[in-house]
Structures are given as C-alpha cells and as structure tokens.
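Engineer: Give the three-dimensional model of this entry:
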Amino acid sequence: MLRSSGLSTMLAAAGLLALTALALTWIAVALGMVTKSVEAASNLPMPLLLLPFFGSGFVPTASMPDPLRWFADNQPFTPIIETVRRLLLGGDAGSRGLIAVAWCLAITLVGYLWAKRLYDRDPAR
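Structural biologist: Take a look at the predicted model:
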C-alpha cells in the first residue's frame, strides 16, 4: 500500500519512466539514421529490448552467476527498475534514483548528439 506521499512517489515514478522513454527514443533515432533501409532502421534498436531481462527486473542480481551479475549491476536498466519498484511501493528512491536519472540523462545526451551529427551530415536533405 502507498504511504501518504503516494501521489508524489507515483509522479516521480512516472517522470522516471518518461525520462527513460525519452532516452531510448533518442538512441533509437540515432540507430535508425545509421541504417540504409526502413527494415534495418526498425530492427537495429531491438537488442535494447533485451537489456531489462539482463537486469534486476525478474530476479535479484545476487542470485545471478558472477559475470552476469557484474553486467546486470552495471547496466542502466537495473537502477531504473529498482528505483521505479521502490517508488511504486511507496519507498524512497535513494541513491539508486540519482543513478537512474544520471543514466537516463547521459543516454539522452549521447543519443541526441549522435542523431544531430548524423542529421547534419546527411546529404539526402
């Protein structure tokens, strides 16, 4: 059950999910601009869909084999998933929340700058 600050934690979770969507959108835009065909543009971002499966979305990372645990603990979706989970359960995001926001902002910036560079040098415009 949500505590008295339920509305603020729900809004924080929604904000983090929106920020994650923005970050993934810019990466997908850049990946789409790298390709030469519509089919490749729609399929190139597909590996991004696998990343949450190699995070803490379904099982705790402590139960994973060492190499997979290291990858799961150091990829962007684990802090995002853990932060959203904590917020939706009415808890505090803590330092994982800051890490999740930092990941989202970094991915957004990299995707935007990459897409802008590809767009600016595109001779087809």
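
Engineer: isn't residue 111 right next to residue 32, touching?
Structural biologist: No: the criterion here is C-beta atoms under 8 Å, and residue 111 misses it with residue 32 at 10.8 Å. Every C-beta, even on glycine, is put in place using the N, C-alpha and C of the backbone.

Engineer: ok, these two, which is more surrounded?
Structural biologist: residue 111 (20 against 17; other C-beta atoms under 10 Å).

Engineer: residue contacts, residue 7?
Structural biologist: Applying C-beta atoms under 8 Å, 6 or more residues apart in numbering, one finds that residue 7 lies in contact with no residue.

Engineer: ok, now how distant is it from residue 81?
Structural biologist: Distance of residue 7 to residue 81, computed by C-beta to C-beta, to the nearest Å: 22 Å.

Engineer: Give the other helices and strands that the helix or strand bottoming out on mean pLDDT in the chain contacts.
Structural biologist: Ranked by mean pLDDT, DSSP states H and E, the weakest helix or strand in the chain is helix 38-43, scoring a mean of 87. Secondary-structure packing of helix 38-43 (3 or more C-beta pairs under 8 Å, 6 or more residues apart in numbering; DSSP states H and E): helix 6-34.

Engineer: residue ranges with poor pLDDT in this protein?
Structural biologist: In the predicted model of the chain, residues 1-5, 122, 124-125 satisfy pLDDT under 70.

Engineer: In it, which residue is most central in space?
Structural biologist: For the chain, residue 20 is the residue whose C-alpha lies nearest the centre (C-alpha atoms, centre = their mean; 4.5 Å).
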